[in-house]
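Participant: After the sequence you'll find the predicted model.
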Amino acid sequence: MKTKPKALIFSGYGLNSEEETAYGFQLAGATADIVHINDVIDGKKKLKDYQILSFPGGFAYGDDTGAGNAYASKIKNHLWEEVKNFIQEDKLVIGICNGCQIVTNLGLVPAFAKDYGDRQVALVNNTSARFTTRWTDMEVTSDTPWLTGITKISMPIAHGEGNFITTKENLTQLRKNKQIALRYIKGDMSGYLDLPANHNGSIDNIAGITDPTGKILGLMPHPERGIFFIQRPDWPLQKEIAKREKKKLPTHGPGLQLFKNAIQYFS
């Protein structure tokens, strides 16, 4: 019997999407444990026992010192050696929304030349100065195990600080190294909702980036909130179209594929 990959989903101090994230991994075929960061610090759970590490969405520490900054500091102060050992092995890491802000502050992405720990990009307030929640469309523009076989994808977003900024030199490197994993584009969801493709003002329409290996992905959209078809905002319309065309309505949504890809990586 094949052993299921094991995913550790961090929790604590205001992260709030751990249940949905764990469910996504479980639905895709992994074993998923939601673990409070203090239980890892205390050694009750060990990163080395897992193949996948996930930083889920939420509002860690209330974003009081900047989104994802305080949680990243706790990791840096107490678990940095364990995290560095984890990423040196053939394993996967994902940071979703607040988790993306955490891995960016940690310098796990983009980590040019595998220089992990040095923050080279930042996520700041949306140019609208508003918290935005909606579905958005993206194109895949890098080679990462998380997005294998995907060229375009739609997922929900829910954030107030998703605006990627960096220097001109770093942007050139991101493009040259193909570390921009996802870019916002006009697509089915943007068109259906009649909304702009880039909702937060991110430079170069960036929605997600990777480290040089592609095994660490930080993205602002929420795949775990788009794992069922009926989570799509246009699903009632699609239901009527399917009924008239005598087609079966899909069960799952596009976000599930990221979790499936992570499991497939270890098969």
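Facilitator: Good, I have the coordinates. The shown structure was predicted, so the numbers you read here are calculated from the model rather than taken from an experiment.
Participant: State the three-state secondary structure for A262.
Facilitator: For A262, the assignment made with DSSP: H, G, I helix; E, B strand; the rest coil gives helix.
Participant: In the sheet, which residues pair with the residue most central in space within the chain? Tell me.
Facilitator: Centrality entry for the chain: nearest residue to the mean C-alpha point is I96, 3.1 Å, by C-alpha atoms, centre = their mean. I96 forms beta bridges with L219, as assigned by DSSP bridges.
Participant: is it true that it touches G208?
Facilitator: No. Between I96 and G208 there is no contact under C-beta atoms under 8 Å: 9.4 Å. Backbone N, C-alpha and C define where each C-beta goes, glycine included.
Participant: Can you check the pLDDT for the residue nearest to the centre of the chain?
Facilitator: Note on I96: pLDDT of 98.
Participant: End to end on stretch 141-150, go ahead and measure it.
Facilitator: Length of stretch 141-150, first residue to last, C-alpha to C-alpha, to the nearest Å: 10 Å.
Participant: typo on my end, stretch 25-38
Facilitator: Span of stretch 25-38 from end to end, C-alpha to C-alpha: 22 Å.
Participant: ok, residues contacting it?
Facilitator: Outside of stretch 25-38, the residues that reach it under the criterion C-beta atoms under 8 Å, 6 or more residues apart in numbering are 4-13, 18-19, 21-23, 45, 50, 52, 54, 71, 74-75, 79, 227, 256, 259-260, 262-263.
Participant: got the buried residues for that stretch?
Facilitator: 25, 27-37 (16 or more other C-beta atoms under 10 Å).
Participant: picking that back up, which of the contacts of stretch 25-38 fall within helices?
Facilitator: Among these, DSSP state H puts 18-19, 21-23, 71, 74-75, 256, 259-260, 262-263 in helices.
Participant: Among these, which one sits closest to E89?
Facilitator: Nearest to E89 among those, counting by C-beta to C-beta, is A262 at 14.8 Å.
Participant: next one: stretch 112-132 to chain centre, how far?
Facilitator: Chain-centre distance of stretch 112-132: 13 Å, with C-alpha atoms, centre = their mean, to the nearest Å.
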